[in-house]
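Novice: Please work out how this folds:
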Amino acid sequence: MSSLYKEFLEEPREFNGYEDLKEHFKIKIPSNFNFAYDVVDRYANDEPDKRALVWCDDRGEEKIFTFKEISDMSKKTANFLTAHGIRKGDAVLLILRRRYEFWLFILALHRIGAIAVPATVMLLKKDLEYRNNAASIKMIVSVDDDKLMKEIESAMPKSPTVKNLVTVGGDRPGWVNFHREYEFCLPIFERISGSEGTTNDDIMLLYFTSGTSGYPKMVGHNFLYPLGHIVTAKFWQNVVEDGLHLSIAETGWGKAVWGKLYGQWIAGSAVFVYDMDSFKPDLVLQKIAHYKITTFCAPPTVYRYLIRQNLSKYDLSSLKYCVTAGEALNAEVYNRFYEQTGIKMFEAYGQTEATVIVGNFPGMEPKPGSMGKPAPGYDVRIAKPNGDTCGVNETGQIVIDVEKSHPLGLFSGYYKDVVLTAEAFDNGVYHTGDTAYMDEDGYIWFVGRADDIIKSSGYRISPFEVESVLQQHPAVLECAVTGVLDAKRGQLVKATIVLNKGFEPNKQLEIELQEFVKSQTASYKYPRIIEFVEELPKTISGKIRRVEIREKDNKDKEEL
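Specialist: Numbers count the residues shown, from 1 in each chain. Coordinates of the predicted model:
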């Protein structure tokens, strides 16, 4: 049996390059699609021994699951959930890091028609209270982490909708021991029909956005969402039939289902999960070599750490394709990775609200630093504030036209928030809030979040552009460029920098970095203020929170 993805295409054939893919790729929408039944169970029935998931951790434990095993285990988990009162439409918070139980629970919730709400282990009491009440969480499933579990317990007095706390670890007072009860559950769970069954429009998955500013919004995806990730896995990540794909992502954020579940399985690839205690680039490279990873996806930050290793020490010959997303990729990282491996990184751009919106696809020659071209199924353009389309190399906001058709994989609105939804979909387009420009070849180049653009002495300055220059200096490990309020210029350009090992912060290095930027780009873009820090503030998904730096700087300025 081959992979299933062609069965969901209007034209089940190979595509001849990007233009053919963009023009003719179209998903055939099933009348009632449910990923657990129509993909996982289909493999389990037709090819039960097909490898689905390879999992390992830092303590030497390893598990390899076939589709038959995943199918049976998720059915047992569905019986566990229904025994504890979970029904269609109920929201369950999954805080499982990279534990293999995540796959059992999310598939079980799909079977029931309940709403899976993945979350990170980094949440504190206040974060949990907000999520529990905003989404009416009925059950929380957690890893065995004492600090996290104490935070969950402390949030319970103000979380009236939560009825059960479940642990995938050992016994704990007040918690249900999942594995103890799971052993007595049957691996039989028939597809529910009628009014209690799922429909394509039902909410299947709910993500709280990273929240680079304000409270996180609730992004709801329906049961067709997994089909949108056919493009993600097959045509961007280029996963290999019966290969092994690794995406660096905790299950608490949207990138996990981009690279650890839906598209990969539909396209016939197994998923590799490394349940690491903390990110160590040498250990990740060891896993890639040992398990013969065929396709790899990670944010640019990860690649920045990898290229500082001696890559020749590792057998990376199994790698066929490497991609990146999650933040903008600068050309320096692309070039250094290519020099050491001979592999060209294929960048893409998307959001929690969507699948791949812009990307580098088969038949395209990547331009280092460009996000690529509009993805199949998405009508993307760069728009001026008045809605008109920008000219070549003119900066505007990335928008998606939805008036004629709503792209598969793009959410339909923010859960329980009509006002925010209306703002996002104003005038027949979805506003991403990100700015970019399109060059003469149709490639799109990221500029920044609309609210991150710096306006200094009449100039509009992209933080990413300055960061890309700074990233080329050997002293810079990570950096964030922001604007600081200034009476004369409106804003001053500031660089907040984490240094590489072997470099010490001092005035001489500060001047050297300023001169370096001046030598690489227009002089008005150089950072007039430089602050050296141990680490940058980031969202739970690892994105730099420039808003936090701006707010702190502006507050400090007001207090002077």
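
Novice: What are the buried residues along stretch 128-135?
Specialist: Across stretch 128-135, burial judged by 16 or more other CB atoms under 10 Å covers 128-132, 134-135. The C-beta positions use only the backbone N, C-alpha and C, and glycine is treated the same way.

Novice: Adding secondary structure, distance to Leu4 and pLDDT as columns, could you present those in TSV?
Specialist: What follows is these, written out as TSV (DSSP: H, G, I helix; E, B strand; the rest coil; distance: CB to CB, whole Å; pLDDT from 0 to 100):
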residue	secondary structure	distance to Leu4	pLDDT
Leu128	helix	37	94
Glu129	helix	41	95
Tyr130	helix	38	92
Arg131	helix	33	94
Asn132	helix	36	98
Ala134	helix	35	96
Ala135	coil	31	97
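
Novice: okay, and the helix or strand of this structure with the least pLDDT?
Specialist: Least confident helix or strand, the chain: strand 459-461 with a mean of 74, by mean pLDDT, DSSP states H and E.

Novice: Contacts for the helix or strand that that strand is followed by, please.
Specialist: The element immediately downstream of strand 459-461 (helix or strand, assigned by DSSP states H and E) is helix 463-470. Here helix 463-470 makes contact (CB atoms under 8 Å, 6 or more residues apart in numbering) with 328, 330-332, 369, 446-448, 452-454, 476, 479-482, 493, 495, 497, 513, 516-517, 520-521, 525-527, 546.

Novice: Can you say which of those residues are buried?
Specialist: Among these, those classed as buried by neighbour count (16+ other CB under 10 Å) are 328, 330, 332, 369, 446-448, 452-454, 476, 479-482, 493, 495, 497, 513, 516-517, 520, 525-527, 546.

Novice: Let's see which of those end up in helices.
Specialist: Using DSSP state H, the members of the buried ones among the contacts of helix 463-470 that fall within helices are 332, 513, 516-517, 520, 546.

Novice: before we move on, what SS does Ser2 have?
Specialist: Look at Ser2: counting by DSSP: H, G, I helix; E, B strand; the rest coil, its state is coil.

Novice: Distance of it relative to Arg98?
Specialist: 29 Å (CB to CB, to the nearest Å).

Novice: higher neighbour count, these two?
Specialist: Neighbours per residue (other CB atoms under 10 Å) separate Ser2 from Arg98, with Arg98 holding more: 21 against 11.

Novice: which residue packs closest to the more buried one, ignoring adjacent ones?
Specialist: Asp275 (4.0 Å; CB to CB, 6 or more residues apart in numbering).

Novice: Which residues are in contact with the nearest residue to Gln472 once chain neighbours are set aside?
Specialist: Closest residue to Gln472 apart from its sequence neighbours, by CB to CB, 6+ apart: Glu332 at 4.6 Å. When contacts are counted by CB under 8 Å, 6+ apart, Glu332 touches 468, 471-472.

Novice: just Glu196 next, same as before
Specialist: By CB under 8 Å, 6+ apart, the contact list for Glu196 reads 87-88, 113.

Novice: show me where pLDDT drops low in the stretch 151-300 of the chain?
Specialist: Residues of the stretch 151-300 of the chain meeting the criterion pLDDT under 70: 210-214.

Novice: where along it do the helices fall?
Specialist: In the stretch 151-300 of the chain, the helices defined using DSSP state H, counting those that start in this stretch lie at 178-182, 225-230, 255-259, 262-266, 281-291, 300-306.

Novice: And these: which comes nearest Phe65?
Specialist: For these, the distance to Phe65 is smallest for helix 262-266, at 11.5 Å, taking CB to CB.

Novice: ok, residues contacting that closest one?
Specialist: Contacts of helix 262-266 (CB under 8 Å, 6+ apart): 3-5, 8, 35, 39-40, 43, 52, 225-227, 229-234, 237, 239, 245, 270-271.

Novice: follow-up on the earlier one: among the contacts of helix 463-470, which are located in strands?
Specialist: Among the contacts of helix 463-470, DSSP state E puts 446-448, 454, 476, 479-482, 493, 495, 497 in strands.

Novice: Would you mind giving those residues as a markdown table with pLDDT and distance to Lys538 added?
Specialist: Output for the ones in strands among the contacts of helix 463-470, formatted as a markdown table (pLDDT from 0 to 100; distance: CB to CB, whole Å):
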| residue | pLDDT | distance to Lys538 |
| --- | --- | --- |
| Phe446 | 89 | 18 |
| Val447 | 84 | 20 |
| Gly448 | 78 | 16 |
| Ile454 | 85 | 20 |
| Val476 | 95 | 17 |
| Cys479 | 93 | 13 |
| Ala480 | 92 | 9 |
| Val481 | 93 | 15 |
| Thr482 | 92 | 14 |
| Val493 | 93 | 21 |
| Ala495 | 97 | 16 |
| Ile497 | 97 | 15 |
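
Novice: Can you tell me which of the residues you listed is closest to Pro362?
Specialist: For the ones in strands among the contacts of helix 463-470, the nearest to Pro362 is Phe446 (21.5 Å; CB to CB).

Novice: show me the biggest helix of the chain in terms of residues.
Specialist: helix 67-83.

Novice: avg pLDDT for the following helix or strand past that one?
Specialist: Per DSSP H and E, the first helix or strand lying C-terminal to helix 67-83 is strand 91-95. Across strand 91-95, pLDDT averages out at 98.

Novice: Direction included, what does strand 91-95 pair against?
Specialist: Here strand 91-95 is paired, per DSSP bridges, with strand 115-118 (parallel), strand 137-142 (parallel).

Novice: Of all those, which one is nearest Phe503?
Specialist: When these are compared (using CB to CB), the closest one is strand 115-118, at 37.4 Å.

Novice: Which of the three states applies to Pro366?
Specialist: Here Pro366 is recorded as coil under three-state DSSP.

Novice: Chain neighbours aside, what residue packs nearest to it?
Specialist: Once flanking residues are discounted, Pro366 sits nearest to Asn360: 4.6 Å by CB to CB, 6+ apart.

Novice: ok, the one you found - contacts?
Specialist: With CB under 8 Å, 6+ apart, Asn360 has these contacts: 236, 323, 346-348, 366, 370-373.

Novice: Compile those into JSON lines and extend it with columns for neighbour count and distance to Glu23.
Specialist: Formatted as JSON lines, the contacts of Asn360 follow (neighbours: other CB atoms under 10 Å; distance: CB to CB, whole Å):
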{"residue": "Trp236", "neighbour count": "28", "distance to Glu23": "17"}
{"residue": "Val323", "neighbour count": "24", "distance to Glu23": "23"}
{"residue": "Phe346", "neighbour count": "23", "distance to Glu23": "20"}
{"residue": "Glu347", "neighbour count": "25", "distance to Glu23": "22"}
{"residue": "Ala348", "neighbour count": "26", "distance to Glu23": "19"}
{"residue": "Pro366", "neighbour count": "20", "distance to Glu23": "21"}
{"residue": "Ser370", "neighbour count": "25", "distance to Glu23": "21"}
{"residue": "Met371", "neighbour count": "26", "distance to Glu23": "20"}
{"residue": "Gly372", "neighbour count": "24", "distance to Glu23": "16"}
{"residue": "Lys373", "neighbour count": "20", "distance to Glu23": "12"}
